[in-house]
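Undergrad: Next input, structure requested:
(one chain, ligands or ions: 1)
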Amino acid sequence: MHEYTLMELSRLLREREVSSVELVNAFLHRAEQFNDGLNCFISLFPEHALERARAADGLIAAGEAGPLTGLPVAHKDIFCTAGFKTSCASKMLDNFIAPYNATATERIDAAGSVMIGKTNMDEFAMGSSSETSFYGPVRNPWDTDRVPGGSSGGSACAVSARLVPAATATDTGGSIRQPAALCGVTGLKPTYGRVSRYGMIAYASSLDQGGPITQTAQDAAMLLSAMSGYDRRDATSADVKVDNYLDALNKEIKGLKIGLPREYFSAELERPITDALDGALKLFEQAGASIVDIELPHTELSIPVYYVIASAECSSNLSRYDGVRFGHRCTDPGDIMDLFCRSRSEGFGNEVKRRIMTGTYVLSAGYYDAYYLKAQRLRRLLRDEFRAALEQVDVIVTPTTPTAAFPLGSRLDDPVAMYLSDIYTVSVNLAGLPAISIPAGFSHGLPVGMQIIGNYFREAALLNVAHQYQQMTDWHKRMPGGRQ
Ligand code: GLN
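TA: Residues are numbered from 1 along each chain as shown. This is a model prediction of the structure:
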């Protein structure tokens, strides 16, 4: 049963081929069986899940089922879930039970889904490999000596290994798309403001956005429909109509204009990734789309600009963890400064500390203009380049990552090498655009992702292009061997 998509499982439930209790039991069983090896869950909630599943079966029997009723899902441990541990994979929040729900996950809950657990991630979503977690690294189900990508590596790993049919995730600079690519699953980062950030633990507020990780674009459409929409509790949430994303999936792509930015096909790109993209573009052309060369000339600045802005915002957001109101507190503080210093020194890991220090530096009086202000100006430039390109074309196609999954530990001592893992994804967050990563081939037995970038609030069009591609290919159906 675990190989079915969310859409297929939803049909099986409605047709009473299976009950929610059976489904949830089956996935819980797999999650318990494989989590020791993969470490993709921080928590599993079997009792809560079975109680919800029983209630879902009641609703289905009464003909009162919602779109996601009875379907198991997992949430990244960055979303506050009332009454359940919400750790952000940090020692700082190891003891934190959220007092309220994040809007995004609450909406998925209200649509009837059953949360079976919370997924592992890089600490405070800072990383590209899911190795900075206080709970140890997540492993890639395609090769357990390799990383699953990050920061939403737990969600991508769990969906890839079919331990859950769908999961939520967040993306500040690539954390939905990059792990989706490295694990061979579908990951959608919506337009900034499409999904409420309320209750989603903040990393870099002007970049963070929640979204789904699923097997297919169709499943992503199901989850996005439930998660999206205006929320008065998030001042940056957009009051823009939510499309019916599932209904949008039947459009031909004949006449579609696909932009290809040359800057994204550099020498560092692995050959099999170029080949996968070439293959995909041929298919699009056969289906009637045309390929247009476009320019995004300042792409190479996106990594430095991103790391100045993301670090600056994180240094501000993470100042709330002071050992006073919640989170880790050191023992026997001598005075208030000692309480702050030791609680933070003990509670945060090295990567988080590196970001806080970088952020504090670029915001300091002497360096604000030279770094932060300059980065903001360049951010505008990058956004304007995307805007101009999207006037010429409907979508932009790029690789999601320059390489397939890399070995565990191989980039941990070299932060710049780690940061470059996101070279193709961060500029999308800087511009606030929506983008999806879908499986498009393999490189030496490891999955390869293709990124499709769309215009603001055009998730429906984006999902349709991804869906049409998935109708022509079966990369998204491949499962990691030995875990079936
Ligand atoms: N890898 C990037 C970072 O470390 C992006 C992380 C994310 O999207 N949350 O900041």
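Undergrad: quick one: secondary structure of residue 281?
TA: The three-state label for residue 281, taken from DSSP: H, G, I helix; E, B strand; the rest coil, comes out as helix.
Undergrad: and it, what does it touch?
TA: Residue 281 makes contact with 258, 260, 291, 397, according to CB atoms under 8 Å, 6 or more residues apart in numbering. In this view, the C-beta of every residue, glycine as well, is placed from N, C-alpha and C.
Undergrad: and residue 54, how many residues sit next to it?
TA: 15 (other CB atoms under 10 Å).
Undergrad: ok, it - contacts?
TA: 20-21.
Undergrad: That one should be in a strand, yeah?
TA: No. According to three-state DSSP, residue 54 belongs to no strand; its state is helix.
Undergrad: For the stretch 101-250 of the chain, which segments are assigned as helices?
TA: 103-110, 153-160, 177-183, 217-227 (DSSP state H, counting those that start in this stretch).
Undergrad: so which of these comes closest to the ligand?
TA: helix 177-183 (7.0 Å; CB to the nearest ligand atom).
Undergrad: sorry, back to before: please dump the helices of the stretch 101-250 of the chain into CSV; it should also carry mean pLDDT for every row.
TA: Formatted as CSV, these follow (pLDDT from 0 to 100):
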stretch, mean pLDDT
helix 103-110, 97
helix 153-160, 98
helix 177-183, 98
helix 217-227, 98
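Undergrad: Pipe these into a markdown table and attach distance to the ligand and mean neighbour count per row.
TA: Converted to a markdown table, the helices of the stretch 101-250 of the chain look like this (distance: least, CB to the nearest ligand atom, whole Å; neighbours: other CB atoms under 10 Å):
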| stretch | distance to the ligand | mean neighbour count |
| --- | --- | --- |
| helix 103-110 | 15 | 22 |
| helix 153-160 | 11 | 35 |
| helix 177-183 | 7 | 35 |
| helix 217-227 | 17 | 26 |
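Undergrad: and those as JSON lines, adding distance to residue 93?
TA: JSON lines is the format used below for these (distance: least, CB to CB, whole Å):
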{"stretch": "helix 103-110", "distance to residue 93": "16"}
{"stretch": "helix 153-160", "distance to residue 93": "15"}
{"stretch": "helix 177-183", "distance to residue 93": "21"}
{"stretch": "helix 217-227", "distance to residue 93": "23"}
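Undergrad: Could I get the contacting residues of residue 52?
TA: Contacts of residue 52 (CB under 8 Å, 6+ apart): 24, 114-115.
Undergrad: Which one (most neighbours) among those?
TA: So for those (other CB under 10 Å), the most neighbours sit at residue 114, 29 neighbours.
Undergrad: mind checking how far the residue nearest to that one when sequence neighbours are not counted is from the ligand?
TA: Of all residues not flanking residue 114 in the chain, residue 52 sits nearest, at 4.4 Å (CB to CB, 6 or more residues apart in numbering). Here residue 52 is placed at a distance of 28 Å from the ligand (CB to the nearest ligand atom, to the nearest Å).
Undergrad: what about residue 52, distance to residue 87?
TA: Per CB to CB, to the nearest Å, residue 52 is found 21 Å from residue 87.
Undergrad: Likewise for residue 380?
TA: Distance from residue 380 to residue 87, by CB to CB: 35 Å.
Undergrad: Looking at these two, which one has more neighbours?
TA: More neighbours surround residue 87 than the other of residue 380 and residue 87, with 27 against 11 (other CB under 10 Å).
Undergrad: check contacts around the more buried one.
TA: Residue 87 touches 42, 77, 93-94, 96, 118, 134-135, counting by CB under 8 Å, 6+ apart.
Undergrad: do the same with residue 400
TA: If you count contacts by CB under 8 Å, 6+ apart, then residue 400 has 174, 177-178, 180-181, 424-425, 437, 449-451 around it.
Undergrad: cutoff 7 Å now
TA: Contact partners of residue 400, counting by CB atoms under 7 Å, 6 or more residues apart in numbering, are 177-178, 181, 424-425, 437, 449-451.
Undergrad: Next: residue 216.
TA: 5, 186, 470, 476 are the contacts of residue 216 under CB under 7 Å, 6+ apart.
Undergrad: Look at the third one and report its pLDDT.
TA: Read that as residue 470. Per-residue pLDDT puts residue 470 at 98.
Undergrad: Looks like it contacts residue 217 (just checking).
TA: Yes. Proximity of residue 470 to residue 217 meets the contact threshold set by CB atoms under 7 Å, at 5.7 Å.
Undergrad: what's the overlap in contacts for these two?
TA: residue 438.
Undergrad: Can you get me a residue count around whichever residue of the stretch 301-450 of the chain sits closest to the ligand?
TA: The stretch 301-450 of the chain approaches the ligand most closely through residue 422 (4.7 Å), counting by CB to the nearest ligand atom. Residue 422 is flanked by 28 other residues according to other CB under 10 Å.
Undergrad: Please name the nearest non-neighbouring residue to residue 25.
TA: Leaving aside its sequence neighbours, residue 25 is closest to residue 50 (7.2 Å, by CB to CB, 6+ apart).
Undergrad: Now that neighbour: which helix or strand?
TA: If you go by DSSP states H and E, residue 50 is part of helix 46-61.
Undergrad: my hunch is that residue 396 is in a strand, does that hold up?
TA: Yes. The assignment for residue 396 is a strand, going by three-state DSSP.
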